[in-house]
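A.B. asks: kindly generate the corresponding structure for this input.
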Amino acid sequence: MISIITSENKKVYFASDQHLGAPTPKASLPREKKFVAWLDEVKKDAEAIFLLGDLFDFWFEYKTVVPKGFVRVLGKLAEIKDSGIPIYFFVGNHDLWMTDYFKKELNIPVYHKPQEFLINNKKFFIGHGDGLGPGDKGYKRMKKVFTFPLFKWLFKWLHPDLGVKLGQYMSVKNKLISGDEDAKFLGEENEWLVQYCKKKLAQKHYDYFVFGHRHLPLEIDLPQKSKYINLGDWIQYFTYGVFDVDNLQLLKYEKNLIK
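C.D. replies: Below is the predicted model of the structure:
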């Protein structure tokens, strides 16, 4: 378990589901600029930054090729990491094919499963959130196909121009893959991540469960004085989490940029 103790006046930030590149690179550019502006602001008092997946709407790492674009956000992440601020990245269902590019180029660790963190002696369980809890069987079957080594090996044999174009098309068009076809609160009893958190709590106590994936900003109290936080997205809500001393809350980034 990684332990983080914040220095005086420092905070820990969380963001998820930017889906840069969707529905087209041109259309997502204003959102990328807005997210970069947010990164530029939070670096002033950030002890650490957590990115909880689906930063890109599609990402695939060939041996010597990665998808074109995203230079603004990649450059800003490199700048922040080089300044000494830790960044932790969790893959989502749209960028689950990440391997070692972030680690080698940006020195940012990449996690493919939820992880435990201890922040100011508060226990956090952090991940993207896809495929957790009951239900969502169609996506779970699809994820097994996409993460199967033979499928990834076969996909690598596609020319990058074809492979990236195909992946982008599938990410935008296929709601089964995107996992965000119904961004409406379903009630606690029907929210799979809430059910997952309650099951985890029966085994071990956590102060906070922090996920993305649902594209809904949610703060739900759980048993044992625990709390489930969903970070929302950077498509409609532009919400993020900030942990200050011993409390985690959701905020909205209101800054509007000239396109």
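
A.B. asks: helix or strand: which one has T64?
C.D. replies: Secondary structure from DSSP states H and E places T64 outside every helix and strand.

A.B. asks: in contact with it, which residues?
C.D. replies: T64 makes contact with no residue, according to CB atoms under 8 Å, 6 or more residues apart in numbering. C-beta: built from backbone N, CA, C; applies to glycine.

A.B. asks: quickly note the distance from it to P160.
C.D. replies: 9 Å (CB to CB, to the nearest Å).

A.B. asks: next: G84.
C.D. replies: Distance from G84 to P160, by CB to CB: 34 Å.

A.B. asks: which one of those two is surrounded by more residues?
C.D. replies: Set G84 next to P160 and count neighbours by other CB atoms under 10 Å: P160 wins out with 15 against 6.

A.B. asks: I'd guessed the more buried one sits against E61; true?
C.D. replies: No - P160 is not in contact with E61 according to CB atoms under 8 Å; the separation is 10.3 Å.

A.B. asks: distance from the chain centre to stretch 10-28, please.
C.D. replies: Distance of stretch 10-28 from the chain centroid (CA atoms, centre = their mean, to the nearest Å) equals 9 Å.

A.B. asks: ignore the last one, stretch 223-230
C.D. replies: 19 Å.

A.B. asks: so what touches it?
C.D. replies: Under CB under 8 Å, 6+ apart, the answer for stretch 223-230 is 14, 129, 193-194, 197-198, 201, 205-214, 216-222, 241, 248, 250.

A.B. asks: repeat that for 7 Å
C.D. replies: Under the contact criterion CB atoms under 7 Å, 6 or more residues apart in numbering, stretch 223-230 has outside partners 193-194, 197-198, 201, 205-212, 214, 216-222, 241, 248, 250.

A.B. asks: any of those residues buried? List them.
C.D. replies: Listed as buried from the contacts of stretch 223-230 are 193-194, 197-198, 201, 206-212, 214, 216-218, 220, 222, 241, 248, 250; burial here means 16 or more other CB atoms under 10 Å.

A.B. asks: look at the residue lying closest to Q249 once chain neighbours are set aside and say how many residues are nearby.
C.D. replies: In this structure, Q249 finds its nearest non-sequential neighbour in V242, 6.3 Å apart by CB to CB, 6 or more residues apart in numbering. By the measure other CB under 10 Å, the count of residues near V242 is 17.

A.B. asks: so V242, which of the three states?
C.D. replies: Per DSSP: H, G, I helix; E, B strand; the rest coil, the secondary structure class of V242 is strand.

A.B. asks: state the distance from it to L20.
C.D. replies: In terms of CB to CB, V242 sits 22 Å off from L20.

A.B. asks: quick one, helices of this protein?
C.D. replies: 25-42, 71-82, 101, 137-147, 149-156, 160-173, 175-178, 192-201 (DSSP state H).

A.B. asks: lovely, talk soon.
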